[in-house]
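In: Let's see this in three dimensions:
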Amino acid sequence: MSDFPDNVATETSSTQSQQGGSSFQLASISMDLGLIKSIPGILMLAEIGLGLLQWALIASASSLIPAYGWVMFVAVTLWLLTIILFFMLFFGAYHKLSSVPWPMLVMVYNAMATVLYLTAFLANAASVAPYISTYFYGHMAAAAFFGIVVTLLYGASTFFSYLAWKGDGGNAASHSGPA
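Out: Reported below is the predicted structural model:
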């Protein structure tokens, strides 16, 4: 104990660096503002907006065709899951859950969403004809149009997710965050 000096002088300094305004911190919550400006973020916002429009068009019509149950299930479920995924990425959940292989997870989610939306689009487009003489024909035709647009958006998201996954080799240990 005699080796330890009686008076120890310590200095504490902290520096905060901001990376071009790409993140914002409030208490323990950090927001990745760069996500909104990135292509994957813009695609996710478009998927959310147009997915809402699609299922709202289908929900506004009185549907007696069972195929629209599948279309509504796919549209609403993927809309909710995309919102959850967007907020998890926006608030940096991938930093707190570093054991999850985020690039691969996002890629698989987008690929599955593309396939499911394609089946929903086909069911929607095949079921528009019975409405041709009704008031809801425009709703169902527009829903089919937005269904293929959202399918293409999820396809583009799958492509960019694949590039992000391939960029780091798919290794969760070397991952710093999804693109």
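In: Can you tell me what sits against stretch 129-140?
Out: Leu57, Ile58, Ser60, Ala61, Ser62, Ile65, Asn124, Ser127, Val128 (C-beta atoms under 8 Å, 6 or more residues apart in numbering). Any C-beta I mention is one placed from the backbone N, CA and C, and that applies to glycine too.
In: Looking at these, which has the smallest pLDDT value?
Out: Minimum pLDDT for these is recorded at Ser62 (73).
In: Now do Ile148: how many residues are near it, please.
Out: Neighbours of Ile148 under the rule other C-beta atoms under 10 Å: 17.
In: Compare the contacts of stretch 129-140 and tell me which is most surrounded.
Out: Asn124 (29 neighbours).
In: for the helix or strand containing it, packing partners?
Out: According to DSSP states H and E, Asn124 maps onto helix 102-126. Counting contacts by 3 or more C-beta pairs under 8 Å, 6 or more residues apart in numbering; DSSP states H and E, helix 102-126 is packed against helix 67-90, helix 137-167.
In: the inter-axis angle of the last one versus helix 102-126?
Out: Relative orientation of helix 137-167 versus helix 102-126 (axes from the mean of the first three to the mean of the last three C-alpha atoms, to 10 degrees): 160 degrees.
In: Could I get the buried residue list for helix 137-167?
Out: Using 16 or more other C-beta atoms under 10 Å as the burial criterion, the residues of helix 137-167 that qualify are 139-141, 143-151, 153-162, 164-165.
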